[in-house]
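> Turn this into a structure:
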Amino acid sequence: MSAVDTLDEVKLAHYLEANVEGFKGPLTATKFKGGQSNPTFKIDAASGSYVLRRQPPGKLLPSAHAVDREYRVLSALESTDVPVGKVYHLCEDKEVIGSMFYLMEFLDGNIHWNPSLQEVDAETRAGMYAEMNRVLATLSSVDINKVGLANYGKPGNYYQRQLGRWTKQYHASEIDKIPAMDELIAWLEDNMPEDDGQVSLSHGDYRLDNVMFDKENKKIIAVLDWELSTLGHPFADLAYQCMSLRLPGGMGNMSGLYGVERAELNIPSEEEYVAMYCKRLGLDSIPNWKFYLAFCFFRLGAIAQGVAKRAADGNASSKQASQVGAFVGPLAEMALQAIAKT
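Residues are numbered from 1 along each chain as shown. The predicted model follows:
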């Protein structure tokens, strides 16, 4: 097993006993399957079960895999109506397990990977999408000043900053030239909407498999994986979730509902889902929707390119990471198609 998949359990247990109130070893650490970003482990100890999120070892791109930011936002959201797990400790000493990590509570719920949700009945399926919409609207409404996140990122000009950041990281991870990505970047630069002054907390990867439902699939008990969170635009997460639902099947964790007859499954259409969100927040419509969607395709492509680069360098946290790079070109093509048709 690689350094990404294993932990020094004895050393970790001694550290946690000294730094986390109530923690008692010995412990066993089991890496969760799925995901190519921050390796995540279930920690079973004498004092109970926990979750550990770590940075992958090795050389990392600037600002990537910021588990310290995850820890901060989770701590801040404990006082809000956004469902998150309780965090216990952030370890910035890389000598303990080889990289920075944090420990949080283990929640026993359901995580669903396929957005068609064939494993539940039609009524439950509709309710789950409505619940995702409710939690997303709740997240968009968080008072960043009240929870101490006013300096969690630079306020304003979100899309301009994000486009610059991800373009830079994409080029830093580039293995081969992909003309569709270059065309998409140029379109985004030429069609940047004016900043409307709206600032909110943005999750950055809000989708079905990053929320945990209770055992009855009625209520979301935790929003997971806050690595990409920042101060952003309130419509960024909505566009991202809708973008993910536009993706075709066969893309692993990124599979969506393209070509699926949603009405037969009792799943809302994109128009219905956006209208539901707007109603919750008292909005008439969402301008610049085409740009928001196209940007989401681009950013996902840039993330996939980063995963592929880490695989090429031997630092990926999943065996499937090397295959993700094949999605970059198709994602860019899908964005260009959305621009033409939306």
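> So which bits of the lengthiest helix in the chain are buried?
Longest helix in the chain, counting residues (DSSP state H): helix 289-313. Using 16 or more other Cβ atoms under 10 Å as the test for burial, helix 289-313 gives 289-311. Glycine gets a C-beta too; all of them are placed from N, C-alpha and C.
> what's the neighbour count on residue 201?
The tally of other residues near residue 201 (other Cβ atoms under 10 Å) stands at 27.
> Assign a three-state SS to the residue lying closest to it once chain neighbours are set aside, would you?
Distances taken as Cβ to Cβ, 6 or more residues apart in numbering put residue 142 closest to residue 201, at 5.0 Å, once the chain neighbours are dropped. Using DSSP: H, G, I helix; E, B strand; the rest coil, the secondary structure recorded for residue 142 is coil.
> ok, now the one 5 residues further on?
Remark: residue 147 carries the secondary structure label coil [criterion: three-state DSSP].
> And it, how close does it get to residue 281?
Residue 147 is 18 Å from residue 281, where distance means Cβ to Cβ, to the nearest Å.
> Against residue 109, how distant is residue 129?
Distance from residue 129 to residue 109, by Cβ to Cβ: 17 Å.
> higher neighbour count, these two?
More neighbours surround residue 129 than the other of residue 129 and residue 109, with 22 against 16 (other Cβ under 10 Å).
> just checking, the more buried one touches residue 272?
No. Residue 129 lies out of contact with residue 272 (Cβ atoms under 8 Å); the separation is 9.2 Å.
> mind listing the helices for the protein?
According to DSSP H, the chain carries its helices in the segments 9-19, 67-77, 122-140, 158-173, 179-190, 236-246, 262-265, 270-281, 289-313, 321-324, 328-341.
> Among those, which comes closest to residue 101?
helix 67-77 (6.3 Å; Cβ to Cβ).
> and the angle for that closest one with helix 122-140?
100 degrees (axes from the mean of the first three to the mean of the last three Cα atoms, to 10 degrees).
> Please compute how far helix 67-77 lies from its chain's middle.
Centroid displacement of helix 67-77 relative to its chain, using Cα atoms, centre = their mean, to the nearest Å, is 14 Å.
> Any buried residues in it, and which?
For helix 67-77, a neighbour-count test (16+ other Cβ under 10 Å) marks 67, 69-77 as buried.
> Only alpha carbons, please: show that helix as CSV.
C-alpha atoms of helix 67-77 as CSV (Å, rounded to 0.1, in the frame of the first residue of the first chain):
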residue,chain,number,x,y,z
VAL,A,67,-7.6,21.0,5.0
ASP,A,68,-7.1,23.8,7.4
ARG,A,69,-9.7,25.8,5.5
GLU,A,70,-12.1,22.9,5.7
TYR,A,71,-11.6,22.7,9.4
ARG,A,72,-12.2,26.5,9.8
VAL,A,73,-15.4,26.5,7.8
LEU,A,74,-16.8,23.4,9.5
SER,A,75,-16.1,25.0,12.9
ALA,A,76,-17.9,28.2,11.8
LEU,A,77,-21.0,26.4,10.5
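> May I have the phi/psi pair for the residue nearest to residue 201?
Dihedral pair for residue 142: phi -60, psi 130, per degrees, to the nearest 10.
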